[in-house]
Each structure stands twice: as structure tokens, then as C-alpha cells.
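Student: Here is my input; please provide its structure:
(chains A, B, C and D)
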Number of protein chains: 2
Amino acid sequence: MSTTRMSAEERRSAIIEAAMGLVAQRGFDATPTLAIAKAAGISHAYLFRLFPSKEDLGVALVTHCNAVIHQRFVHAAEAAVARGEEPGPAMGTAYGELLQERDIILVQMHAHAASPTHPEIRAAMREAFRDLVELVRDTTGAAPDAINAFFAKGMLMNISVALDLFAVDEPWAHTLTGISGADDTDPACAVSPASSGLVADDLAVAGARSPD
Amino acid sequence: MSTTRMSAEERRSAIIEAAMGLVAQRGFDATPTLAIAKAAGISHAYLFRLFPSKEDLGVALVTHCNAVIHQRFVHAAEAAVARGEEPGPAMGTAYGELLQERDIILVQMHAHAASPTHPEIRAAMREAFRDLVELVRDTTGAAPDAINAFFAKGMLMNISVALDLFAVDEPWAHTLTGISGADDTDPACAVSPASSGLVADDLAVAGARSPD
DNA sequence: CCCGAAAGAGAGTGAGCACTCACTAGAAAG
DNA sequence: CTTTCTAGTGAGTGCTCACTCTCTTTCGGG
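Tutor: Residues are numbered from 1 along each chain as shown, chains lettered A, B, ... in the order given. Alright, predicted model coming up:
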């Protein structure tokens, strides 16, 4: 009957894990801490012992989110290099796969939108972008234009996830998701984001451009 | 002393105008209707006569937002054609200018993030994207890839606005905003979004590709 | 000049919010 | 066994929220 006892740090991780789903759905400001506590299986009071304020929880949340993304990129790049392949496309594919974890993408988008009002969240998001851009630049040696296009496509993919454009079988939606116009060939056209590995193309081309 | 009397329709517009700034800052779910009523200079009660529920207001808000963007694009394209120029770059420039109206951009971003939970908002955003993509396609005749890149860059610009990356004078930030690396040439480097008309380049090139 | 319709407001109401206080349970060191 | 430290909670507190009931003011038409 009693909840399994955990260390404070373990419990904090569990809370963040539980909060991800809720905040992804409703946004940070609109998600009640009571709901987060319930989802994490602890009392409301204890939540505030582990995170003294709601804002603290929010910062921990986006920090976790950013860490996951960064780690996936690093891992994808390292694995590609180990296989003797180029890291650029591998990171593109990694992001394509990341798109299927809606919670991470949506929390990220909420964090972007919340940045003007929450300076600490904005700072965290800036750091995340800096680390990611520098990671991509240093591992691929791609030119700024190519990196810009890479991230731009990533952001458009985020929006495609939020609006679930992959479920819309119309030309304009295909244009935005980057799915090649195979209109009538395949009736079951609900294409998954990972299959449209377009995100990688820019770096695949550009990575070769300035190998330094 | 008494508020000027308006027709219901005028008042609705005034409310939307007033709500834009607040919702842009705090997000829709986190913005109290009381604050909106106060900003609009009317009683809280009357707000709910004009918009029966908060969700109704939200839909009206994003609809207005989308209408403004669409109208700017149409106007820019028409003006360019009238001048004998290509409409693609003109629409790119128009979006660059739009970026300076932070409220519109931020409300749009909040709407994207809110889409999974608010089906009516999602529907409105999908419509907006459809209209915009088809407008760009029909006026420029650009290929899907180019249109995709155009919108992708636009979405990245949105995020640059939200995180205010234009105020960050570091290489990674320049890479994302699309500002050419003029690192040490100009010390006053706070470049405005409109000046980086990169958004247009894709369509400028692509518009010529399939003139049809 | 009157009357009906529409604009607009004062004063609530119950529900839900972030956050707190005083407390208990269990491990583990002395 | 006792002390002590940390995990964990039930029951609030004061405040804010979306929404409502009822009422007054102003305008245009006959």
C-alpha cells in the first residue's frame, strides 16, 4: 500500500518524468502542481519540498528535456563516426526519431513560447541551442547556412508534430512535413516523421562542403 | 469619464486587440479573462457577453492572428507584382517585417503549442498553414522543397524572436538568426530581424525554377 | 416623448490554484 | 534502545479563476 521509498534525487527524476506528459499536453502555466504530484504518486506537499517553487520545477523540466536531446545527438554522431559514416545525416535521423516522442517536442515548444515571460527558461533554452549548434558545427564542420537550414527544418518538424500534419493527406501538408508527393501511389499514407529523413539532407550536402 | 460606446462587433475587435499583448506574454491558458477585460477597458461581465466562453475568445484570437498574417502576405505579393517584381522575395520580406510585431508571432507560437489540447485552435492553425502554403505555391510557383525551406526558416525566425537571439552577439546565435558572420566589423551588432531578409532567398531562387 | 433593444457594469459564487504547517514512518548510526 | 535524519503526508490558507445574476444607461425609431 505504501509508496516505495526513494532517495530525493530519484524522486525528483520520477516527478520530472511524470510531469513531462502533463506539461506537454497543457503547457507549464496551465498544468496544476496537484496533477503533477498525483501523476508522480506522491503528496502535493512533498512535491514542494523537492521543488521549492513551481518555477523551479519548470526549469528542471526543460533542462532535462534539453539534456535528452543533446545526448541523443551526441550518441548518434558518435555511433555514425564509429561506423565510418558521416555524423550529419545521423544527427538528422536522430531528430527524426526524437519527433516520435511527442512529450519532449511539445515541452520544448511550450518552453520556446514561455521564454519571453520566464527568464530562467529562456536562459536554459538559449544554452541548449548554443550547445546543439556548436555540437553540429564541430562534428560536421558544416557552413552556417547549412546549419541554419538544418535547425529551421527541425523547428518546422516540431510544428508538424504539434499540428499532427502527418495525419493530413493533402498537398500543402506534405509540403510542410517534407513528404514527397506520392499522392495516389499508396492509400495508407499516414507517414511517420522518422521516415521522412529530410532533416539530414542539408548537413549531408553541407558537411562535405567545408571539411576543415 | 464614461467609456465610449461601441457596437458589439467593434468592441470584440478592441478586446482581441487588447488580448493580443497579454496572451503573447503569458500564453492563452495562463492569461486571466479579468486582465483581458481590464486591458480592453470593459467590465469582466461584458467580456463574457461578447465571448460566451474563454475558448471562444481564444479561437477568435488566433483567427485574427492568422488573418493578419495572410493579409500581409497577399498585400506584399500583390504590391510586388504591381511593381513588376517577383512575389516570392516580397513575401519573405513581409514575414521579416512581421517578426517585429512580437505579439503576433508569440500568439502564433502559443497556438502551435496549444494545438494538441485545443482541437479548435489546431483546426484554425491548420487552415492558416494551408491557406499560406497554397498562396505561396500559387503566387510563386515554387517547388515543394523550396516552400518547405521557406516555412522552415520562418519557424526558426519565430523562435529567434521568442528567445530574442537577435540580442545575443555570439556565433551560434548568428547562425540561427541567419545574420552573416560580421563579428568584429560593427560593434553595434544588435541587428533587427527585418534586416536579415534571408527568409526570402529560397523563394527567390526557387520561384524562377518552375515558373509554369 | 416613449419604448424596446442593445451596451455596459456591480457584486457575487463555487471551484481550483500555489504553497504551508504540523505531523508520522522508517532507516541507520551510537 | 534511543536518538537523529530524511522520506513522506493530511489538512488546511488565502487567493484567483471562469463564469453568472441582476441591474442601469443609452440610443434609435415611431
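Student: residues in chain A within reach of DNA strand C, list them.
Tutor: With the criterion set to Cβ under 7 Å from any atom of the strand, chain A comes near DNA strand C through A:2, A:5, A:31-35, A:44-45, A:48, A:52-55. Bear in mind the C-beta positions are built from the backbone N, C-alpha and C, glycine included.
Student: Please check the residues you listed and keep the buried ones.
Tutor: A:31, A:54 (16 or more other Cβ atoms under 10 Å in any protein chain shown).
Student: Low-confidence regions, chain A specifically.
Tutor: Scanning chain A for pLDDT under 70 picks out A:1-3, A:181-212.
Student: Show me which of the residues of chain A next to DNA strand C is closest to B:V133.
Tutor: A:T31 (32.2 Å; Cβ to Cβ).
Student: which strands and helices sit next to the helix or strand hosting A:I15?
Tutor: Using DSSP states H and E, A:I15 maps to helix A:8-26. Applying 3 or more Cβ pairs under 8 Å, 6 or more residues apart in numbering or on different chains; DSSP states H and E, we find helix A:8-26 packed against helix A:33-40, helix A:44-50, helix A:54-82, helix A:102-114.
Student: swap the cut-off to 10 Å and go again
Tutor: Here helix A:8-26 touches helix A:33-40, helix A:44-50, helix A:54-82, helix A:102-114, helix B:102-114, going by 3 or more Cβ pairs under 10 Å, 6 or more residues apart in numbering or on different chains; DSSP states H and E.
Student: Would the longest one count as contacting DNA strand D?
Tutor: No. When contact is scored as Cβ under 7 Å from any atom of the strand, no part of helix A:54-82 falls within range of DNA strand D; the minimum is 12.4 Å.
Student: cool, the second one as well?
Tutor: Yes. Counting by Cβ under 7 Å from any atom of the strand, contacts between helix A:44-50 and DNA strand D involve A:44-46, A:49.
Student: Any chance of those in CSV with distance to chain B as columns?
Tutor: Formatted as CSV, those follow (distance: Cβ to the nearest Cβ, whole Å):
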residue, distance to chain B
A:H44, 20
A:A45, 24
A:Y46, 25
A:R49, 25
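Student: Would you check which pair of these lies furthest apart?
Tutor: Greatest spacing in these, by Cβ to Cβ: A:H44 and A:R49 (10.4 Å).
Student: Dump stretch A:27-45 to PDB, restricted to CA.
Tutor: The C-alpha trace of stretch A:27-45 is given here as PDB (Å, rounded to 0.1, in the frame of the first residue of the first chain):
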ATOM      1  CA  GLY A  27       1.600  23.800 -21.100                       C
ATOM      2  CA  PHE A  28       3.600  24.700 -18.000                       C
ATOM      3  CA  ASP A  29       1.500  27.600 -16.600                       C
ATOM      4  CA  ALA A  30      -1.700  25.700 -17.100                       C
ATOM      5  CA  THR A  31      -0.600  22.400 -15.500                       C
ATOM      6  CA  PRO A  32      -1.600  22.200 -11.800                       C
ATOM      7  CA  THR A  33       1.100  21.100  -9.400                       C
ATOM      8  CA  LEU A  34      -1.600  18.900  -7.800                       C
ATOM      9  CA  ALA A  35      -1.900  17.000 -11.000                       C
ATOM     10  CA  ILE A  36       1.800  16.500 -11.300                       C
ATOM     11  CA  ALA A  37       2.000  15.300  -7.700                       C
ATOM     12  CA  LYS A  38      -0.800  12.800  -8.300                       C
ATOM     13  CA  ALA A  39       0.800  11.600 -11.600                       C
ATOM     14  CA  ALA A  40       4.100  11.100  -9.700                       C
ATOM     15  CA  GLY A  41       2.400   9.200  -7.000                       C
ATOM     16  CA  ILE A  42       3.400  11.500  -4.100                       C
ATOM     17  CA  SER A  43       1.600  14.000  -2.000                       C
ATOM     18  CA  HIS A  44       1.200  17.600  -3.100                       C
ATOM     19  CA  ALA A  45       3.100  18.800  -0.100                       C
END
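Student: Quick one: name the residues of chain A near DNA strand D.
Tutor: Contact residues, chain A versus DNA strand D (Cβ under 7 Å from any atom of the strand): A:3-8, A:11, A:41-46, A:49.
Student: now, among those, which is nearest to B:F73?
Tutor: When those are compared for distance to B:F73 (Cβ to Cβ), A:H44 wins out at 47.8 Å.
Student: wait, doesn't the closest one sit right on A:L34?
Tutor: Yes. A:H44 lies in contact with A:L34 (Cβ atoms under 10 Å); the separation is 5.3 Å.
Student: and the angle for the helix holding A:I15 with helix A:33-40?
Tutor: For helix A:8-26 against helix A:33-40, the angle by axes from the mean of the first three to the mean of the last three Cα atoms, to 10 degrees is 120 degrees.
Student: Go through helix A:8-26 and flag the buried ones.
Tutor: For helix A:8-26, a neighbour-count test (16+ other Cβ under 10 Å) marks A:11-12, A:14-16, A:18-26 as buried.
Student: How far does it sit from its chain's centre?
Tutor: Offset of helix A:8-26 from its chain centre (Cα atoms, centre = their mean, to the nearest Å): 15 Å.
Student: Give the next helix or strand downstream of the helix or strand A:R137 falls within.
Tutor: Assigned by DSSP H and E, A:R137 falls within helix A:119-140. Going down the chain from helix A:119-140, the next helix or strand is helix A:144-162, by DSSP H and E.
Student: Looking at the buried residues of helix A:8-26, which is nearest A:S180?
Tutor: Lowest distance from A:S180 to the buried residues of helix A:8-26 (Cβ to Cβ) belongs to A:A24, with 29.3 Å.
Student: Hmm, that closest one is touching A:A39, no?
Tutor: No. Using Cβ under 10 Å, A:A24 is not in contact with A:A39; the gap is 11.9 Å.
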